[in-house]
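Visitor: Sequence plus the predicted model coming up.
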Amino acid sequence: MYKPATKEAWKGRIDKQDGELGLRWHQAVHLLDLGNEIPQADPGEVAFAFIGFCCDEGVRRNQGRVGAVAAPGALRGAMASFAHHLPEQTKLYDAGDVLCTNGNLEEAQEQLGKKVALLLQKGYRPLVLGGGHETAYGHFLGFEKETENVQLGILNFDAHFDLRSYAQQASSGTPFLQMADRLQDQGQLFKYKVLGLQEHGNTQVLFKTADELGVAYTFANHVQYHFLPQLLQDLEAFLKEVEAVYITIDLDVFAAAYAPGVSAVNALGLQPEVVLELLKFVAGSGKLLSIDIAELNPSLDIDNRTAKLGAAILYQVVGEWQKV
Ligand SMILES: N=CN[C@@H](CCC(=O)O)C(=O)O
Ligand SMILES: [Mn+2]
Ligand SMILES: [Mn+2]
């Protein structure tokens, strides 16, 4: 269920004549095998670790279009040739993939949780490459311990609440209700904010659940660049109420022109620029704990457009997060 990283995933252009100044991410990434003991990250380093979740069983169970199982590879491929502009002490590691086998989503989520927990415990900042949005619950299991006595904030950029009932089975549509219940069992508050919601993409029962749980949400037509001051103010207020933030980005929050490679294509979705400003604000806040990108479906993508968007978002987040 776990596949260590290999350099095969990190291939790209090489500008040999330019030496260190021509460096790209694929030349800078170090491999980290979580199947063995891993060292504590050097305290003098800011260490980021990619961990893939090759799974779309949640999408299948949620009547979606499968293909997100291949997303971690596509995201690595899109990141590989990024020009390297990070300072010396900022390091990139690839910690490999957790695989979902025989449709055993629950076991795969447990495994993802264990890997994320290990990374955090060893001082790495996780960058989780989903997977369908069922990635989010596995990811959450990994920092549950870290946030036992810390007020967690969950920030979801998504056209959907993903608060469906999991009474019959968990899926890509249920992760945040699973989190809400888990947090309630632990006597913790569920501070969940969704940005980019589409009314037509969520039935009345989901709005009812959201209201009962006190979920904060902003519709997509208000997540626009010209509302940025208000959006930042709202985000600042949300950050004040929490001690640690988990960000999850469902790529179906973006308009179809930017993100055609998702299960649920979004005709009225967001433009990337405004999302980047909000992400950078949180990444620079000192409260970001962990982040994931979900719902990329490479088999539906056009010219790797969606993979490149997901990758570029990670590039920007790493650039800002490494400063704090
Ligand atoms: N993670 C996906 N969530 C959406 C999918 C909606 C759709 O397939 O149209 C949901 O369950 O609401
Ligand atoms: Mn969605
Ligand atoms: Mn989602």
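Guide: Nice, I can see it. Ligands and ions are numbered 1, 2, ... in the order given.
Visitor: for ligand 3, what are the nearby residues on the stretch 151-300 of the chain?
Guide: 158, 160, 162, 250 (CB under 5 Å from the ion). No exception for glycine: its C-beta is placed from N, CA and C like everyone else's.
Visitor: Keep only these that also lie close to ligand 1.
Guide: When CB under 6 Å from any ligand atom is applied, the members of those adjacent to ligand 1 are 160, 162.
Visitor: does the helix or strand encompassing residue 58 come close to ligand 3?
Guide: Taking DSSP states H and E as the criterion, residue 58 maps to helix 57-61. No: shown here: helix 57-61 not in contact with ligand 3 (CB under 5 Å from the ion), separated by at least 9.6 Å.
Visitor: is it true that residue 196 lies in a helix?
Guide: No: counting by DSSP: H, G, I helix; E, B strand; the rest coil, residue 196 is located in no helix; its state is strand.
Visitor: what's the helix holding residue 58 packed up against?
Guide: In terms of contacts (3 or more CB pairs under 8 Å, 6 or more residues apart in numbering; DSSP states H and E), helix 57-61 is packed against helix 105-121.
Visitor: what packs against the helix or strand following the helix it packs on?
Guide: Using DSSP H and E, the helix or strand that follows helix 105-121 in sequence is strand 125-129. Packed against strand 125-129, as judged by 3+ CB pairs under 8 Å, 6+ apart, are the following elements: strand 46-54, helix 71-80, helix 105-121, helix 135-143, strand 288-294, helix 305-321.
Visitor: And residue 274, how far from residue 196?
Guide: Relative to residue 196, residue 274 is positioned 9 Å away (CB to CB, to the nearest Å).
Visitor: and for the two, which residues touch both?
Guide: Counting by CB atoms under 8 Å, 6 or more residues apart in numbering, the common neighbours of residue 274 and residue 196 are residue 223.
Visitor: the more surrounded of the two?
Guide: Using other CB atoms under 10 Å as the criterion, residue 274 and residue 196 rank with residue 196 on top: 28 against 18.
Visitor: For this protein, what lies in contact range of ligand 1?
Guide: Proximity of the chain to ligand 1 (CB under 6 Å from any ligand atom) is limited to residues 62, 64, 133, 160, 162, 164, 172-173, 263-264.
Visitor: cutoff 5 Å now
Guide: Contacts of the chain with ligand 1, taken as CB under 5 Å from any ligand atom, map to 64, 133, 160, 172-173, 264.
Visitor: can I get those residues in CSV with distance to residue 321?
Guide: Formatted as CSV, the residues of the chain next to ligand 1 follow (distance: CB to CB, whole Å):
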residue, distance to residue 321
64, 30
133, 22
160, 26
172, 26
173, 29
264, 28
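Visitor: okay, those in a markdown table with secondary structure and pLDDT next?
Guide: Output for the residues of the chain next to ligand 1, formatted as a markdown table (DSSP: H, G, I helix; E, B strand; the rest coil; pLDDT from 0 to 100):
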| residue | secondary structure | pLDDT |
| --- | --- | --- |
| 64 | coil | 98 |
| 133 | coil | 99 |
| 160 | coil | 99 |
| 172 | coil | 99 |
| 173 | coil | 99 |
| 264 | coil | 98 |
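Visitor: Closest to ligand 2 out of these?
Guide: residue 160 (3.7 Å; CB to the ion).
Visitor: which stretch among the helices and strands packed on strand 125-129 comes nearest residue 220?
Guide: Taking CB to CB, helix 305-321 is the member of these nearest to residue 220, at 16.1 Å.
Visitor: how about that closest one: buried residues?
Guide: By neighbour count on 16 or more other CB atoms under 10 Å, the buried set for helix 305-321 is 305-311, 313-318, 320-321.
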